[in-house]
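Q: quick one: sequence plus predicted model below, questions after.
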Amino acid sequence: MSYDPENIFAKILRGEIPSFKVYEDAATYCFMDIMPRSDGHCLVIPKTPCRNILDATPEQLSACMATVQKVSNACMKAFGADGISLQQFSEAAGGQEVFHLHFHIHPRHAGLAMRAPGKMGDMDVIKGHAEAISAEL
């Protein structure tokens, strides 16, 4: 399978679609999921084309994981979380819906289940969550 430069995350990287930025460096971009399954649910993506973990370079994976760790620690503080769930889906059969490598970060609290997928969140709340995480970075 080849990389589609018209996927929604590529459009976010090009500034064609708005996003709530949490963190950015030379190799990665972190932004809020607009259908959050947990408070603080955000995504880390490489800035370079990559379909998923199956075609990622070691450099893309290393950069993404460094950002995942940095943002996860900020999420723990920002939300007083008890832990983090990290998700990555590759190919349709693996649950992938957007075909640009991405890692979901979910701040978690003991005894509280994640919300069901596919429900649009409140944009003002999501913006506030982005600001809370960014403030901890």
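A: That came in fine, so what should we check first? Numbers count the residues shown, from 1 in each chain.
Q: Phe89: neighbour count?
A: 16 (other CB atoms under 10 Å). Every residue, glycine included, has its C-beta placed from N, CA and C.
Q: that one contacts Glu97, correct?
A: Yes: under the criterion of CB atoms under 8 Å, Phe89 makes contact with Glu97 at 7.5 Å.
Q: tell me the SS of the most centrally placed residue in the chain?
A: Residue closest to the average C-alpha location in the chain (CA atoms, centre = their mean): Leu43, at 0.4 Å. Recorded secondary structure, Leu43: strand (DSSP: H, G, I helix; E, B strand; the rest coil).
Q: torsion angles phi and psi at the closest residue to Ser134 other than its chain neighbours?
A: Excluding the flanking residues, the one nearest Ser134 by CB to CB, 6 or more residues apart in numbering is Val22, at 5.6 Å. Main-chain dihedrals, Val22, degrees, to the nearest 10: phi -110, psi -40.
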